[in-house]
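Chemist: next input, structure requested:
(2 chains)
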Amino acid sequence: MKDTETNEAISIVMAGHVDHGKSTVIGRLLADINALPKGKLEEIRARCRRQAKPFEYAFLLDALKDEQAQGITIDAARCFFRTAKRRYILIDAPGHIEFLKNMITGASRAEAALLVIDAREGIQENSKRHGYMMSMLGLRQLAVVVNKMDLVKYDRGVFEDIRKEYGDFLERIGVQPLAFIPVSGMGGANIAERAPETPWYDGPTVQEQIDSFEHREFPSSLPFRLPIQDIYRFTEHNDDRRIVAGTIETGTIAGGDAVTFLPSGKKSRIKSIEYFNGPVKQTAAAGEAPGFTLDTQVYIKPGEWMVKDGEPTMHTGTRFRVNMFWMGHASMIKGRIYKLKLGAVRSPVKLIEVLTVLDATELTTVANKEQVDRHDVAEVILETPKPIAFDTIDASEYTGRLVIVDDYEIAGAGIVLSEVATQESSLEEHIRAREIAWKNSSIAAHQRIKAYGHGAKFVVFSSLDTAVGERFARALERDLFDKHFKAYYLGMENVARGLDADLQIPGELRDDHIRRLGELARILTDSGQIFITSISNVDDYDLKMLELLNSPNEILTIHVGENRFDNFQPTLQLDAESDTAAGIEAVCDLLRAKNVILDYQI
Amino acid sequence: MTHLDKLEATSVHIFREAYRDFKSLVMLWSIGKDSTVLLWLARKAFFGHVPFPLMHIDTSYKIPAMIEFRDRLARELGLDLIVGQNREALAAKRTFPDGVLPRVACCQALKSEALRHTLSGEWPRLRMDPASGQYAADKSSEKFTGVIVGARADEEGSRSKERYFSARDQQSEWDVGDQPPELWKQYKTDFAPGTHVRIHPLLDWTELNIWEYIERESIPVISLYFNQGEGKRYRSLGCHPCTSPIDSDARNVSEVIDELRSGKFSDIAERSGREQDKEDSGGLETLRRGGYM
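Modeler: As a prediction, the model looks like this:
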């Protein structure tokens, strides 16, 4: 029998307030169960003698120089060891608030937690904060280690007071602790050996407790959810497979199953389950990272979800209520665009409203805050410019959690509580406000039409390949100009170089480029011109956004080439291969039909 | 799923995240068992393909069999292989074997520095034509922003603090105290201009897992890892002046596994044959902060 199959490593995080002795408890445990590499204990003892400082078990873990200098654990360090029962990955999470993000990193990788509380100091701010974070991160197995019992003379009363107070706290946040263990890391009491000093205690030792933690099972009984990381088409070695790849979050799937992609709503059927250098498989389940080929060729994008027909579907929406904590140095503020990552979804996101901010230590809420500060736990409403698919946390914790990126760093993490129905999106709200405030020109639109001899219009050519749309767009500009119309073509690259030059991350914030183009179209069409642009790789929402931004003026969308829209119907569809002149004639017919250019003037 | 299945799935997921978000991606290949498993996992992630180049930093002191193995496997798998070297230090004989530098400083020069300048495209690189097996000057000086590395957390203290996606600044320096959080399956896939990210798909693997996986998948590894009859084998591969074989009778993968699981090496550190680690108490950490893998 394979060792790894019977004896799988379980990961446990050690948490608790700074100086409560987490590293000492781990160091002692490793020493007492003989889990240290040969000579390690002696090496550290010798180094302490040389440097004339008292030996501490914590030194065993504090492998980095920085730490020994400061005496605190900086990062979530992992150590690997085994007991007679199985193997462990122990994650030593830092207790100092400055290192909260390291604690979170450690806790999110763990299947169980030991939370250390100093018997003498009692429950401190981070004892509670860590408890709260772990519940929010989805850690369900927690045991509390009351350390430094030697310093309170193994007083049962001290232990029981902490058990009562911390137990009440955990109950309020919905956590059921598995045990409270009175220990002394220094003295070794109840670490691996039952301590004679605590005859009143009949619960497990630390070693017994960790041996009784259970593995978290992959959630294969929940509905099927695949976050699509990518769609591969590697053509080398005559490979013609088009493979949808990702790691299955929940549920199971089999060859032949009918599937839907969200948010696009496209449908197909599983043709095969792909796996390199392994047996041919007919099914796949949560935790696995296979690939899938489909029966039909559908255009889907990385970041979509694949769900199974006949099972509960996901929410798709742009607004949601989220419970999150913030680790960023800069506060989360309204009006700034952040990046959201949820499953394989990557989307711009904005803070719309701060509902409440929770004081994690006191469990009281603070209302009327306008922003989310560092280390705040807050309930907020977030909005994405385009719909994304997600589950709410009550349906599935695996597909209802997200992180927020600010300035290249993960700065926030949260869980989706509910979808928020929107009367109007923040874009619609903006346009409504803009139009109310818009100061109309003293020259009426019909006066301009009369003077210029044509109406105003925003004409958008969309295509998969920029060059194709641009060819038609430039030809149309030339054609209309030659007919003495006021037509102007502007390509996206000129917008990017000029108007958009201040946008920090070109490409990342495509929505911002689209938004500015739309605002520009609103102005140019107001001036009575025919404003032409060409844009590539746009989706349904991009074009709807342009339409909205250009309103109340009108837009014509002409799509050239293969149509990959989910539902969007362009005003006119042209063949990419078609003759430029013929294509332009079709566009002019359309402009005539829309009374933009008038028959008698041609 | 077995433990190996889970490790494999996590590594595959990390590979795909990296490939999705980093346009200039490269994978380091040291020819050793870990980076050869890494190569195999890339083929798992991309269904038999390796859609980015591999890079080897050749100190010129590698055991000759390693270079032969490298070239043979690269040709067999049709890999896009880039080789970099600190030509200046070698020409000037500024190395430990030349008696000029201490071991750690030699690692810094021949590995860390060579790596930094080869990644950035500042120093000349060689690129192999997989059809002929010949090396020619690399015409591209592409600067790589995502670097996939086979570091494992159980190797040594400082590696146990790594993230799966770990940012390095313009000088390749690693700020251990201020690392980004990683939670659930969300990693640092955004990076500021001028910085690069090291990606560690093997972080959770142990030495034993590596060998178990080599056995399960029949992954080709270099024969230096096995006793060829002299009662010695390499447990960890490096440059010949600083790496010595260990006493061992293990002649094949399954004997190596037995030896690690319950035999004589079950409680002796893997890098015990690597001399540079012993020079001062934080030898490898000093190296890593300066860009060593």
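Chemist: with adjacent residues omitted, what lies nearest to residue 121?
Modeler: Because you didn't say which chain, this covers chain A. residue A:20 (7.0 Å; CB to CB, 6 or more residues apart in numbering or on different chains). The C-beta positions use only the backbone N, C-alpha and C, and glycine is treated the same way.
Chemist: wrong chain, I was asking about chain B
Modeler: What sits nearest to residue B:121 in space, not counting adjacent residues and going by CB to CB, 6+ apart, is residue B:141, at 3.5 Å.
Chemist: picking that back up, wait, isn't the residue nearest to residue A:121 in contact with residue A:120?
Modeler: No: between residue A:20 and residue A:120 there is no contact under CB atoms under 8 Å: 9.6 Å.
Chemist: list the contacts of the residue nearest to residue B:121.
Modeler: Counting by CB atoms under 8 Å, 6 or more residues apart in numbering or on different chains, residue B:141 touches B:121-122, B:125.
Chemist: who wins for neighbours among those residues?
Modeler: Highest neighbour count within those, by other CB atoms under 10 Å in any protein chain shown: residue B:125, with 22 neighbours.
Chemist: for residue A:468, see how far away that one is.
Modeler: 37 Å (CB to CB, to the nearest Å).
Chemist: now the residue nearest to residue A:408 when sequence neighbours are not counted, what's its secondary structure?
Modeler: Leaving aside its sequence neighbours, residue A:408 sits nearest to residue B:190 (CB to CB, 6+ apart; 4.3 Å). Secondary structure, DSSP: H, G, I helix; E, B strand; the rest coil: residue B:190 is coil.
Chemist: what about residue B:190, neighbour count?
Modeler: 21.
Chemist: my guess is it meets residue A:406, correct?
Modeler: No: in this structure, residue B:190 is not within contact of residue A:406 by CB under 8 Å, at 9.5 Å.
Chemist: joint contacts of those two?
Modeler: residue A:339.
Chemist: low-scoring stretches of the chain, by residue?
Modeler: This is for chain A. Applying pLDDT under 70 to chain A flags residues A:1-8, A:36-39, A:61-78, A:93-99, A:360-363, A:504-509, A:599-602.
Chemist: I was after chain B.
Modeler: Short version for chain B, where the test is pLDDT under 70: B:154-161, B:170-177, B:263-293.
Chemist: swap in 50 and give it another go.
Modeler: B:280-282 (pLDDT under 50).
Chemist: give the buried residues for stretch A:485-499.
Modeler: Of all the residues in stretch A:485-499, those buried under the rule 16 or more other CB atoms under 10 Å in any protein chain shown are A:485-487, A:489-492, A:495-496.
Chemist: likewise for stretch A:215-235?
Modeler: Under the neighbour-count criterion of 16+ other CB under 10 Å, stretch A:215-235 has A:218-220, A:222-232, A:234 buried.
Chemist: what strand or helix carries residue A:11?
Modeler: Here residue A:11 sits within strand A:10-16, counting by DSSP states H and E.
Chemist: packing partners of the following helix or strand past that strand?
Modeler: Later in the chain than strand A:10-16, the nearest helix or strand by DSSP H and E is helix A:22-32. Packing partners of helix A:22-32 (3 or more CB pairs under 8 Å, 6 or more residues apart in numbering or on different chains; DSSP states H and E): strand A:10-16, strand A:77-82, strand A:87-92, strand A:112-118, strand A:141-147, helix A:206-212.
Chemist: from chain B, how far out is the residue nearest to residue A:121?
Modeler: Separation of residue A:20 from chain B (CB to the nearest CB, to the nearest Å): 20 Å.
Chemist: what of residue A:446?
Modeler: Using CB to the nearest CB, residue A:446 is found at 50 Å from chain B.
Chemist: backbone phi and psi for that residue, please?
Modeler: When read as degrees, to the nearest 10, the backbone of residue A:446 gives phi -70, psi -30.
Chemist: and it, how many neighbours?
Modeler: Around residue A:446 there are 9 residues (other CB under 10 Å).
Chemist: measure it to residue A:596 for me?
Modeler: 13 Å.
Chemist: checking residue A:567 next. Helix, strand or coil?
Modeler: Residue A:567 ends up coil, using three-state DSSP.
Chemist: so who does the closest residue to it other than its chain neighbours touch?
Modeler: In space, and not counting its chain neighbours, residue A:567 is closest to residue A:540: 6.0 Å by CB to CB, 6+ apart. Applying CB under 8 Å, 6+ apart to residue A:540 gives the contacts A:565-568.
Chemist: quick check: domain ranges of the chain?
Modeler: No chain specified, so I'll use chain A. Annotated domains of chain A cover A:3-212, A:225-308, A:317-426, A:441-601 [automatic domain parsing].
Chemist: ah, no, chain B please
Modeler: Split by automatic domain parsing, chain B gives B:3-205+B:281-289, B:209-214+B:222-277.
Chemist: which bits of the stretch 101-250 of chain A sit near chain B?
Modeler: Counting by CB under 8 Å from any CB of the partner chain, the stretch 101-250 of chain A comes close to chain B at A:101-102, A:104-105, A:108-109, A:137, A:218, A:229-230, A:232, A:234, A:236-237, A:239, A:241, A:243, A:245-247.
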